[in-house]
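>>> sequence-free structure coming up:
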């Protein structure tokens, strides 16, 4: 007889890498200027916005210093959210809805990334919520 047994273990997590498929780049301002084509926002990779966030501090590690942003991106189900250890090795990856932790400014209803970012890449009111990653698949 074969059985499938699920186990869980405690792991040390340092980063959240978000890969967000942005529908409308103009839904952000960078240094108080509307980012009509998405040319101003740091962390852009093609059609995706890819911040690497330190989950303890709320600082975006790959942020271009000196830029401030007000983000209200519609993502819907075009996102991948990956937890990484201190060496940036993948621990767990989730696809689909935007986790609540990505919208500290107001409720994103699983479809939006909503946040303010200061000139040092710190996300205002950052509070990492691990529940999204701890749920059973």
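It's in. In this text, all values refer to a predicted model and were calculated from it rather than measured experimentally.

>>> lowest-pLDDT helix or strand in the chain?
helix 131-134 (a mean of 87; mean pLDDT, DSSP states H and E).

>>> so for stretch 113-128, mean pLDDT?
On average, the pLDDT along stretch 113-128 is 98.

>>> what of stretch 53-66?
Average pLDDT, stretch 53-66: 98.

>>> can you give me the buried ones in it?
By neighbour count on 16 or more other C-beta atoms under 10 Å, the buried set for stretch 53-66 is 53, 54, 55, 58, 59, 60, 63. To be clear about C-beta, it is placed using only N, CA and C from the backbone, and glycine gets the same treatment.

>>> can you give me the end-to-end span of it?
17 Å (C-alpha to C-alpha, to the nearest Å).

>>> next one: stretch 99-114
Terminal residues of stretch 99-114 lie 11 Å apart, using C-alpha to C-alpha.

>>> what sits up against that stretch?
Outside stretch 99-114, the residues within contact range by C-beta atoms under 8 Å, 6 or more residues apart in numbering are 16, 18, 20, 49, 71-76, 81, 97-98, 115-116, 123-129, 132-133.

>>> okay, now residue 21: neighbour count?
Here the number of neighbours of residue 21 (other C-beta atoms under 10 Å) works out to 16.

>>> so who does it touch?
47, 48, 75, 76, 78, 79 are the contacts of residue 21 under C-beta under 8 Å, 6+ apart.

>>> narrow those residues to those that are buried.
Among those, those classed as buried by 16+ other C-beta under 10 Å are 48, 75, 78, 79.
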